[in-house]
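> got a predicted structure here, sequence first:
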Amino acid sequence: MTVGSFVYNVFDDQWRTELGEGSDARIPKDRFFLVHMSVLNGGSAEFLVPTLTLVDDTGQSYAELSNGDQTPSWLGFLCRVKPAETLQGDVVFDVPPRHYRLRVGDENDQKHEEVDIPLSFSDQAPEIPQPAR
């Protein structure tokens, strides 16, 4: 999705009950929601990527977390992106499990678009052992 000078691509999402392992694990208030995405700067100047927001079906909005500690490939918070540069990684939210739209903005954070993200827990489905043949 193109918004101003930025081209956003959402590749995957994951729900997590914690980030990290053991005594160092981060525990969310609700659940961690990781959105794996990229941002390309198609403009001719360096820009700051605006803060991303999740919006649920009731209109409630949730800002991305500014702390990516223990996130597998954190995109970063308030990142600068140079002309023709692409940033890729995970954006982290602490939200209740619901259907969301990811609100993304242009280089001036004036124009916004929303990317639909269906609710899915398929990445958390337990593996069921198959009987030996």
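In hand now; what should we look at?
> chain neighbours aside, what residue packs nearest to residue 6?
Residue nearest to residue 6 in three dimensions, not counting chain neighbours: residue 39, with 5.6 Å by CB to CB, 6 or more residues apart in numbering. From N, CA and C alone the C-beta is placed, and that goes for glycine too.
> any idea which helix or strand carries that neighbour?
strand 31-41 (DSSP states H and E).
> next structured bit after that strand?
Per DSSP H and E, the helix or strand that comes after strand 31-41 is strand 47-48.
> mind giving me the packing neighbours of that following strand?
strand 80-81 (3 or more CB pairs under 8 Å, 6 or more residues apart in numbering; DSSP states H and E).
> orientation of the very next helix or strand once past the strand it packs on relative to strand 31-41 in degrees?
Remark: after strand 80-81, the chain's next helix or strand is strand 86-95, criterion DSSP H and E. Using axes from the mean of the first three to the mean of the last three CA atoms, to 10 degrees, the inter-axis angle of strand 86-95 relative to strand 31-41 is 160 degrees.
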